[in-house]
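> Dropping a prediction and its sequence here:
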Amino acid sequence: MIKVEHINFSYRPNEPVIRDVSFTIKKGEFVCILGHNGSGKSTIAKLLTGLLSVDSGAIYIKGLLLNENNINEIRQQVGIVFQNPDNQFVGVTVKDDIAFGLENRQFPRETMLELIDKYSKLVNMENFLDYNPENLSGGEKQRVAIAGVLAANPEIIIFDESTSMLDPKGVKEVTDIINTLKGHKTIIAITHNLNEAVFADRVIVLSQGGVILNDTPEVVFTHKELLKNSSLDILESMKLMELIEKNEHLKNKQEIEAMLWEYSFQK
Ligand SMILES: Nc1ncnc2c1ncn2[C@@H]1O[C@H](COP(=O)(O)OP(=O)(O)OP(=O)(O)O)[C@@H](O)[C@H]1O
Ligand SMILES: [Mg+2]
C-alpha cells in the first residue's frame, strides 16, 4: 500500500531532517510511528501526503510513484489528521469542515447530511455543527478534524498525534474509533503515547530523522535502552518490572504494594 525507498529531506540546505528512510506498509496494517520531538515524524506525514516533496528517494502509494502529476489522485487516498488542528480548518462552520472532504465526490445533499450527522456523532460533536471551528477548544478541534477525515473515507489515514489535546476520556474514545478502523483501513498513527503503540501491528521508531527500529510492539519494547537513548519512554508495566527487580529484598504482596505506593509519590 505504501512503499518508502531511501528518502531524504531537508528544510534548509545541509540540515537533513529525514535521512535515508525506507519502510513498507501493507494494506490494512496499523503502524505506529514513535520518535522524540523533532525526530521527523510530522515531516514524514507531510511527505506521504505530498505536502512536501522528497529531495531524493521515492514514495509509492498503491504502486503509484508520488509526484506532482498524480498528487490530487493520491490525496483522495490518503487522509491526514494534523498534529495542530488549526491547520486543518477550511470552513466557516464545523458542518462545512466535516463536509469538505465529501464535496468532490458529488454525493447527493441527503447523503452528505447523513454522513455529517454520523461522523459528528461518532466524535461527540453533533451539538457544535453551526459553530465556527476557530472558537472551539483544542480537543474539540481535534475531534472535528477526525470526523472530517473519517467522513471523506480515504483508504489510508495518518493520525499525527491526534489525541494530544484530548482528556483521558477523549483519548479512549478516539483510540477506540481508531481501533474499529483496524483491518479496514491502512493506518499510520504518529504518537508519543506508548499505550497506543501497543495496539499497532508494527512500530517504527525514528531518531534524528532515521529509522532505528521497525518491528512488532512486543519486539520494539524489549529494546529498552535504545528507546531511552532516543528520549522515549518505556511502558509503565516495564518500569514496574524494573523496580521490582531492583528491590530484590521484597518478600510479599504487602511489601510490593508499599513500594509501589511510595513510587507513585516519588518527587
Ligand atoms: N517548516 C519548517 N522549516 C524548517 N524546519 C522545520 C520545519 N518544520 C519542521 N522543521 C524541523 O524539522 C525537524 C523535524 O520536525 P518534525 O515536525 O517532523 O518533528 P516531529 O518528529 O513531528 O516532532 P514533534 O514530536 O515535536 O511533533 C525539527 O528539527 C524541526 O525543527
Ligand atoms: Mg510532529
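Yes, it's here. Since we're looking at a predicted model, the values are computed, not measured. Residues are numbered from 1 along each chain as shown. Ligands and ions are numbered 1, 2, ... in the order given.

> going forward, measure contacts and count neighbours with C-alpha atoms only.
Will do.

> measure stretch 46-53 end to end?
From its first residue to its last, stretch 46-53 covers 8 Å (Cα to Cα, to the nearest Å).

> Show me what counts as buried in it.
Under the neighbour-count criterion of 16 or more other Cα atoms under 10 Å, stretch 46-53 has K46, L47, L48, T49, G50, S53 buried.

> For stretch 220-239, which outside residues touch it?
Defining contact as Cα atoms under 8 Å, 6 or more residues apart in numbering, one finds that stretch 220-239 is touched by G35, H36, H192, L194, N195, V203, S207, L213, N214.

> which residues does the fourth one contact?
By Cα under 8 Å, 6+ apart, L194 lies in contact with D233, I234, L235.

> ok, 7 Å please
L235 (Cα atoms under 7 Å, 6 or more residues apart in numbering).

> still on that earlier bit, and the contacts of stretch 220-239 near ligand 1, which?
Restricting the contacts of stretch 220-239 to those within reach of ligand 1 (Cα under 6 Å from any ligand atom) leaves G35, H36.

> Adding pLDDT and secondary structure, write the contacts of stretch 220-239 out as a markdown table.
Formatted as a markdown table, those follow (pLDDT from 0 to 100; DSSP: H, G, I helix; E, B strand; the rest coil):
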| residue | pLDDT | secondary structure |
| --- | --- | --- |
| G35 | 93 | strand |
| H36 | 92 | coil |
| H192 | 81 | coil |
| L194 | 82 | helix |
| N195 | 79 | helix |
| V203 | 97 | strand |
| S207 | 95 | strand |
| L213 | 97 | strand |
| N214 | 98 | strand |
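
> and the contacts of stretch 220-239, which two are the farthest apart?
Maximum pairwise distance among those (Cα to Cα): 19.3 Å, between N195 and S207.

> ok, these two, which is more surrounded?
Neighbours per residue, other Cα atoms under 10 Å: of N195 and S207, the larger number sits with S207, 24 against 13.

> Please tell me I have it right and that one contacts N37.
No: between S207 and N37 there is no contact, the gap being 9.2 Å when judged by Cα atoms under 7 Å.

> So which residues on the protein come close to ligand 1?
For the chain, the residues found near ligand 1 under the criterion Cα under 6 Å from any ligand atom are Y11, V17, G35, H36, N37, G38, S39, G40, K41, S42, T43.

> What about the fifth one, how many residues nearby?
Counted with other Cα under 10 Å, the burial measure for N37 works out to 14 neighbours.

> What helices and strands are in contact with whichever strand or helix holds A189?
Per DSSP states H and E, A189 falls inside strand 186-190. In terms of contacts (3 or more Cα pairs under 7 Å, 6 or more residues apart in numbering; DSSP states H and E), strand 186-190 is packed against strand 30-35, strand 156-160.

> what's the spacing between V211 and N132?
Taken as Cα to Cα, the span from V211 to N132 is 40 Å.

> now swap in I244 and tell me
With the distance defined as Cα to Cα, I244 ends up 51 Å from N132.

> What segments of the stretch 151-267 of the chain are helices?
Read by DSSP state H, counting those that start in this stretch, the stretch 151-267 of the chain holds these helices, from start to end of the chain: 168-181, 194-198, 217-220, 224-229, 236-246, 253-264.

> Buried ones in the last one, by neighbour count?
For helix 253-264, the neighbour count (16+ other Cα under 10 Å) marks I256 as buried.

> sorry, back to before: pull the residues that contact the strand holding A189.
By Cα under 7 Å, 6+ apart, the residues outside strand 186-190 that reach it are 27-34, 41, 155-161.

> Would you map out the domains in this structure?
Dividing the chain into domains by automatic domain parsing, as the record does, gives the ranges 2-91+148-233, 235-267.

> picking up where we left off before, would a markdown table of the helices and strands packed on strand 186-190 with distance to G139 and mean neighbour count be doable?
Written out in a markdown table, the entries for those read as follows (distance: least, Cα to Cα, whole Å; neighbours: other Cα atoms under 10 Å):
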| stretch | distance to G139 | mean neighbour count |
| --- | --- | --- |
| strand 30-35 | 21 | 26 |
| strand 156-160 | 14 | 23 |
